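*Asks:* the sequence isn't on hand, but the structure is:
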């Protein structure tokens, strides 16, 4: 029997922003509908929106209700009743907002108190200082930090220092929503709860691993952010490296709060550095130009609508990144990990492909190596491709056939959104699926030399037409060793 939910106050800074309206509030509604929130739990949005409680509830009713299945009006009204809004300026020059937060939270100091910073990382330190100055940080408080955590190792350390001056490490939850996806969690179960896989999960049997996060969307209205982020910071440093860690990590001694995170840090520290002239050999960066996506003509990055005029940074930023990485330890020696992410790709898909080696001696012509595909989106599932004989008399004809697990088809229960799982873990105080400080900094330590080399070069990113699978250099990256990107079945 599940534990009774404990009352909590969830304070969302940036509570009227895009992340809150598209992800956090829908996730919290589903948690409420599933009985995971205590009746007394409150959701307090903080922003500069100038709204009162009624205004905010009306905004959520108008903008969020259509994106969630509201089949029980009483439950939806109960959820709206949890919502509060306080207008605030975190600069500290206007103390009115902080006084209102203090008054709203007064008398509930023993509750779990979660500060969710759905805001740019430059605000993390100032918010924590002002919350502490207002007396809002209690021993039962936690703070959730959205990615990206900084632009490089130095800025990440600065943010960690600022937040760490107010909150203990055990109170800090650095979120990566990819780790809340069912397929990612099933990867650990697949590896460590099934005896047949672990003996072949190494360089003796695995040829290479591909990790892809492909998007069909561009960046309309987001150039101000994306010019200073780019694909490497936005996706590789966090999402793709986290997936690499889960594929490559050693079996932890226990499934507890720190053992899994300890093993992930070891993987990051085992990554072979890519520096200097090796950056051109082992990495590719691209930027999409005008093309056709989904049968519709779309503009290039520099001409996306609703954007600020392009700057020099706009011409140099990458919307596509590919890397050939290596984990230098006994298990993975010689096995390349290919990481790839891009915008305006021909398909939307996030997946991990584990490509096994050919059988040592094949007695059947036409056999191909086995492949394990773990799909994170758009439809989560696991597929193991095996060789089988096609029915019929005469010569033996082989065909690769899939053993598939679709979560939507196999399990009758609704597959929860990643944020639902992660928000419940925060309220429960479980940090397993969140990044520790040393983990974040180890990832930046590996990424920084690549960023430095890219930014020091006079070369622009390699162009690729929107609706295609990235620049030619990405295909050369895997083609030099006789391999190809996994594409079939994704369109």
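*Replies:* Cool, got the structure. If you're wondering where the values come from, they're calculated on a predicted model, not measured in any experiment. Numbering: from 1, shown residues only.
*Asks:* from residue 265, how far out is residue 327?
*Replies:* 13 Å (C-beta to C-beta, to the nearest Å). Placement of C-beta: from N, CA and C, glycine included.
*Asks:* neighbour count winner among these two?
*Replies:* Shown here are residue 327 and residue 265; by other C-beta atoms under 10 Å, residue 327 has more neighbours (25 against 19).
*Asks:* residues in contact with stretch 107-117: which ones?
*Replies:* 6-14, 24, 40, 105, 123-124, 127-128, 131, 136, 138, 140-146, 426-427, 429 (C-beta atoms under 8 Å, 6 or more residues apart in numbering).
*Asks:* by mean pLDDT, point me to the weakest helix or strand of this structure.
*Replies:* helix 407-410 (a mean of 65; mean pLDDT, DSSP states H and E).
*Asks:* so which helix or strand takes in residue 442?
*Replies:* helix 437-456 (DSSP states H and E).
*Asks:* so for that helix, mean pLDDT?
*Replies:* Averaging pLDDT along helix 437-456 yields 94.
*Asks:* got it, and stretch 241-260?
*Replies:* Averaging pLDDT along stretch 241-260 yields 90.
*Asks:* stretch 374-393 now?
*Replies:* Mean predicted confidence for stretch 374-393 is 81.
*Asks:* now swap in stretch 59-66 and tell me
*Replies:* Across stretch 59-66, the per-residue pLDDT values average to 89.
*Asks:* from the chain's centroid, how far away is it?
*Replies:* 25 Å (C-alpha atoms, centre = their mean, to the nearest Å).
*Asks:* buried ones in that stretch?
*Replies:* By 16 or more other C-beta atoms under 10 Å, the buried positions in stretch 59-66 come out as 59-61, 64.
*Asks:* go on, stretch 424-437?
*Replies:* Result for stretch 424-437 [16+ other C-beta under 10 Å]: buried residues 424-427, 431, 433-437.
*Asks:* ok so, going back, closest to residue 36 out of the buried residues of stretch 59-66?
*Replies:* In terms of C-beta to C-beta, no member of the buried residues of stretch 59-66 lies closer to residue 36 than residue 64, at 17.7 Å.
*Asks:* residues touching the residue nearest to the spatial centre of the chain, list them.
*Replies:* Residue closest to the average C-alpha location in the chain (C-alpha atoms, centre = their mean): residue 178, at 3.5 Å. Contacts here follow C-beta under 8 Å, 6+ apart; on that basis residue 178 touches 184, 238-239, 242-243, 350, 376, 418.
*Asks:* tell me the one of these nearest residue 54?
*Replies:* Of those, the one sitting nearest to residue 54 (C-beta to C-beta) turns out to be residue 418, at 31.0 Å.
*Asks:* how close does that closest one get to residue 26?
*Replies:* 12 Å.
*Asks:* higher neighbour count, the two?
*Replies:* Shown here are residue 418 and residue 26; by other C-beta under 10 Å, residue 418 has more neighbours (24 against 20).
*Asks:* dihedrals phi and psi, that one?
*Replies:* phi -60, psi -40 (degrees, to the nearest 10).
*Asks:* likewise for residue 253?
*Replies:* Residue 253 adopts backbone torsions of phi -70, psi -30, taken as degrees, to the nearest 10.
*Asks:* got a list of what the nearest residue to residue 177 once chain neighbours are set aside touches?
*Replies:* Nearest residue to residue 177, sequence neighbours excluded (C-beta to C-beta, 6 or more residues apart in numbering): residue 418, at 4.5 Å. Counting by C-beta under 8 Å, 6+ apart, residue 418 touches 177-181.
*Asks:* please consider this matter closed, and thank you.
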